[in-house]
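Novice: can't give you the sequence, but here's the structure:
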């Protein structure tokens, strides 16, 4: 599978290099093309949309009705799970920062793996 943009030159090169490969658009180009299509579809209505926006902006602000919500107290187990999740996130962030600091100082990947205890047999939770 070859991910590419929509330029015909890339399609031709991909076909020559890997004729059996399926060619697909990459995520950036899919989103870019979608946004272009969206803008093109709304362009004829630009003036009308601006008029509506101006009229809405001129209206006096009325607060929306307040919904009636009844909150149940959080269970102790839910609070404990949230605390445990935050601790895991903090450990992952700390480990990431440790790895990046070593990487910035030019330490090799294999050395970083050894220093941080991330070898194949080590399972760190």
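Specialist: Ah, there it is. Since this is a predicted model, take the numbers as computed values, not measurements.
Novice: CA atoms for contacts and neighbours, from now on please.
Specialist: Will do.
Novice: how many neighbours does residue 48 have?
Specialist: 12 (other Cα atoms under 10 Å).
Novice: next SSE after the helix or strand hosting it?
Specialist: Assigned by DSSP states H and E, residue 48 belongs to helix 46-58. Proceeding N to C from helix 46-58, the next assigned helix or strand is helix 76-104, under DSSP H and E.
Novice: got the buried residues for that next one?
Specialist: 99, 102 (16 or more other Cα atoms under 10 Å).
Novice: and it, what does it pack onto?
Specialist: Where contact means 3 or more Cα pairs under 8 Å, 6 or more residues apart in numbering; DSSP states H and E, helix 76-104 is packed against helix 109-115.
Novice: can you list the domains in this structure?
Specialist: The chain is divided into the following domains under automatic domain parsing: 2-58, 89-125.
Novice: between the two ends of the first one, what distance do you get?
Specialist: End-to-end span of domain 2-58 (Cα to Cα, to the nearest Å): 51 Å.
Novice: how many residues are close by residue 26?
Specialist: Residue 26: 13 neighbours (other Cα under 10 Å).
Novice: I figured it hits residue 4, correct?
Specialist: Yes: contact criterion Cα atoms under 8 Å: residue 26 and residue 4 qualify, at 5.6 Å.
Novice: need the pLDDT of residue 75.
Specialist: Listed pLDDT for residue 75 reads 76.
Novice: quick check: the gap between it and residue 69.
Specialist: In terms of Cα to Cα, residue 75 sits 18 Å off from residue 69.
Novice: got the phi and psi for residue 2?
Specialist: phi -120, psi 120 (degrees, to the nearest 10).
Novice: now the closest residue to it other than its chain neighbours, what are its backbone angles?
Specialist: Distances taken as Cα to Cα, 6 or more residues apart in numbering place residue 23 nearest to residue 2, at 4.8 Å, with adjacent residues excluded. Backbone geometry at residue 23, expressed as degrees, to the nearest 10, gives phi -100, psi 130.
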